[in-house]
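>>> Next input, structure requested:
(one chain, ligands or ions: 2)
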Amino acid sequence: MDRPRITIFDTTLRDGEQSPGCSMNVQEKLRLAQQLDRLGVDVIEAGFPIASDGDFEAVQRIAGSVRRPIIAGLARACIGDVERAWQALQGAARPRIHVFLATSDIHLKYKLRITREQCLEQARNAVRHAKSLFPKSVCADVEFSPEDATRTEVAFLCQVVEAVIAAGATTVNIPDTVGYSMPEEYGQLIRTLRDKVAGIERVTISTHCHNDLGLAVANSLAGMQQGARQVECTINGIGERAGNASLEEIVMAMRVRPDRYAFETTVASEHLYPSSQMLAEITRVPVQPNKAITGRNAFAHEAGIHQDGMLKNPLTYEIMTPQSVGVPDSRLVLGKHSGRHALALRCEQLGHQFERRELDEVYRKFVVLADRIKKVQDSHLLELIHDVVTGAISHNDAASQARKFPPAAATLPLPRAAAAAANSSSSDLHSAQVSASAGQAQVSIPFSDHHSEQEDYLWGV
Ligand code: KIV
Ligand code: ZN
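Residues are numbered from 1 along each chain as shown. Ligands and ions are numbered 1, 2, ... in the order given. Below is the predicted model:
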C-alpha cells in the first residue's frame, strides 16, 4: 500500500533568514534555493516581498530560475502585501501566495488592535483577493496561516479556518508561532480541525512549529500523525528565537522510523549534510557540534566501548549510516597528496561546482594549506572556497593562510586508531561507517606521534 506523501515546505530563506545573524543577500539566497531544489523539497518559501527591495528581488530571481518546486512568497493579510507577493512571483512556474494573519486574542488585542470579527473579515478578504490574482486557467495556490494558532481559542480558530477555506485557500497552516505547544496537544489541535471544520478535507493541513521549548520536531511529527500532510521547516532548524523545526531531523525521523511515521517525502537525504554545510558557510553561523543528523559529532564515536562496538557492527551505535545523509566518508581524507579529482568531488559534495580555471585556483591554495596543516577539514575547505569566490586572499597565500588557519591538533580517522588499539582488522563496511563523522576525524592524536606522510600515503590519502 502506498504511504501518504508529506509535502516538505522549506522556509529557510524566509523564517530562517529572520533569525539573528542569518540574513542573506540575493546571490546567496539564489545559491541556497538551487541547493534546496537538488535536495528535493516541494516548496521553497523564498521571502517576504513587501519587507524590502532585496527580499522582493530574491523572490523574483528564485521564481524565475528554480522551476521544479513551488515558490512561495509571504504576505500579510492586506491588498498591498498580497499584490507585491504576486508581482514577485510572476516568473514562477508554480507560484504560491502565503497569507498570514494573527488570530490569538493576545495578538488581536495588543499587536493588531482589531476585534475577532475584523480579523475574520480581513483573513477572508485577503485570501479571496490572492485567489483572484491567479489566471482562471491555473489552479490558484493560496496558503493561509493563522499566526499564533496554538494560543487561539479553538472555536475561533475553527471559524477562521472555515472562512479561509470557503474563500479559496488550498493549504491551511497551523503555526505554533511561539513554540508553546506540547506534542500531544498540537496533534490534538490538528485532529480537532479535521473533525470540526467544514471543507477541511479539500485542503492540505500544514504544520509550522517553533522550537522555544525544544519541541518543534516532535510537534511537527505529532501533527503529521493526526493528518497534517505538509511540514514547514528549515535547514539546521534556523529561525526566529530558538528556531523552526529542523528539516533534516524531520526527514530522517520518517526514514529511520517508518514503523511510526509511515510517510514518503521526495527529499534526497544524501543532500542533507551538503545543504547544512552550505547554509553554515553562507550565513557564517556554525552548526552546533551535537546537532542531530548534521552536527560534526553526529556520527563520531569517542568512547572505547562505543568504538569497539562500532568495529564489531555499526548497528550497535548507529541508527542510520553517515552516507545516507551525505556525511563524507573520512577515509577520503584531503591532504597534500590528494589530487584535483578528489578535491573537485568534495567541493561538489559541499555544493560548489567549479570551472577548470577556478578549480585550479582552489587547488593551488589547497596545496599550500595542506602542506601546512596536513589534513584539510570541510570547514577549512569552505573558508578557502569562500576566499577564492570573493577573491579575498590574493598575494601571499602561505602568510595569510597561516593567520587564517592556525595549526590545529591533527586528527586520525577512527578505524586506524581504533583498529590499531584493538589490533583487529575491520571489514570495509565497518571502516567506512566508523570513520565517517561529518567531515571530522574522531580521535585526536598529535601528528608527531602517530601520523606521518608515509602513513598518509599508505592509507590512500
Ligand atoms: O511563526 C509563524 O507564525 C510564521 C507565520 C508567518 C507562518 O512564521
Ligand atoms: Zn514562523
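>>> Mind checking what secondary structure V172 has?
Here V172 is recorded as strand under DSSP: H, G, I helix; E, B strand; the rest coil.
>>> For beta bridges, what are the partners of it?
Per DSSP bridges, the residues bridged to V172 are F144, I205.
>>> I'd like to check which residues are in contact with the residue nearest in space to the middle of the chain.
The centroid of the chain falls nearest to I235 when counting by CA atoms, centre = their mean (1.5 Å). With contacts defined as CB atoms under 8 Å, 6 or more residues apart in numbering, the neighbours of I235 are 10, 12, 16, 36, 246-248, 275-276, 279. In this view, the C-beta of every residue, glycine as well, is placed from N, C-alpha and C.
>>> among the residues you listed, which two are most distant?
L36 and S246 (14.2 Å; CB to CB).
>>> residues from the stretch 51-200 of the chain in reach of ligand 1?
By the rule CB under 6 Å from any ligand atom, the part of the stretch 51-200 of the chain lying against ligand 1 is 100, 145, 147, 173, 175, 177.
>>> Which residue lies closest in space to the last one, excluding its sequence neighbours?
In this structure, T177 finds its nearest non-sequential neighbour in D148, 4.5 Å apart by CB to CB, 6 or more residues apart in numbering.
>>> ok, now the first one?
Using CB to CB, 6+ apart and skipping the chain neighbours, the partner closest in space to F100 is S145 (4.0 Å).
>>> For T7, see how far away that neighbour is.
Counting by CB to CB, to the nearest Å, the gap from S145 to T7 is 15 Å.
>>> ok, now H337?
46 Å.
>>> How about V367?
45 Å.
>>> Please apply the same query to M224.
11 Å.
>>> who touches both of the two?
Joint contacts of M224 and T7 (CB under 8 Å, 6+ apart) are V231.
>>> Doesn't P146 lie inside a helix?
No: read with three-state DSSP, P146 is strand and lies in no helix.
>>> Not including adjacent chain positions, what is the nearest residue to V164?
Leaving aside its chain neighbours, V164 sits nearest to F144 (4.2 Å; criterion: CB to CB, 6+ apart).
>>> who are the neighbours in contact with the one you found?
F144 neighbours (CB under 8 Å, 6+ apart): 98-101, 123, 127, 161, 164, 169, 171-173.
>>> Return the subset of the residues you listed lying in helices.
123, 127, 161, 164 (DSSP state H).
>>> any chance of these in JSON lines, with distance to L89 and neighbour count too?
Output for these, formatted as JSON lines (distance: CB to CB, whole Å; neighbours: other CB atoms under 10 Å):
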{"residue": "A123", "distance to L89": "20", "neighbour count": "26"}
{"residue": "V127", "distance to L89": "16", "neighbour count": "27"}
{"residue": "V161", "distance to L89": "24", "neighbour count": "27"}
{"residue": "V164", "distance to L89": "19", "neighbour count": "29"}
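>>> Mind picking the two most distant members of those residues?
Longest span within those, CB to CB: V127 and V161, 10.9 Å.
>>> who touches the closest residue to I97 other than its chain neighbours in this structure?
Nearest non-adjacent residue to I97, counting by CB to CB, 6+ apart: A130, 4.3 Å away. The contact partners of A130, by CB under 8 Å, 6+ apart, come to 75, 82, 85-86, 97, 99, 140, 142, 168.
>>> got it, and K291?
236-237, 246, 298 are the contacts of K291 under CB under 8 Å, 6+ apart.
>>> Pick out the most distant pair among those residues.
Checking the contacts of K291 with CB to CB, the most distant pair is G237 and A298, at 13.4 Å.
>>> Now do A300: how many residues are near it, please.
20 (other CB atoms under 10 Å).
>>> what's downstream of whichever strand or helix holds Q277, the next helix or strand?
For Q277, the element it lies in under DSSP states H and E is helix 272-283. Going down the chain from helix 272-283, the next helix or strand is helix 304-312, by DSSP H and E.
>>> what's downstream of that next one, the next helix or strand?
Assigned by DSSP H and E, the successor of helix 304-312 is strand 334-335.
>>> Quick check: neighbours of that following strand in the sheet, parallel or antiparallel?
Partners of strand 334-335 in its sheet, by DSSP bridges: strand 375-376 (antiparallel).
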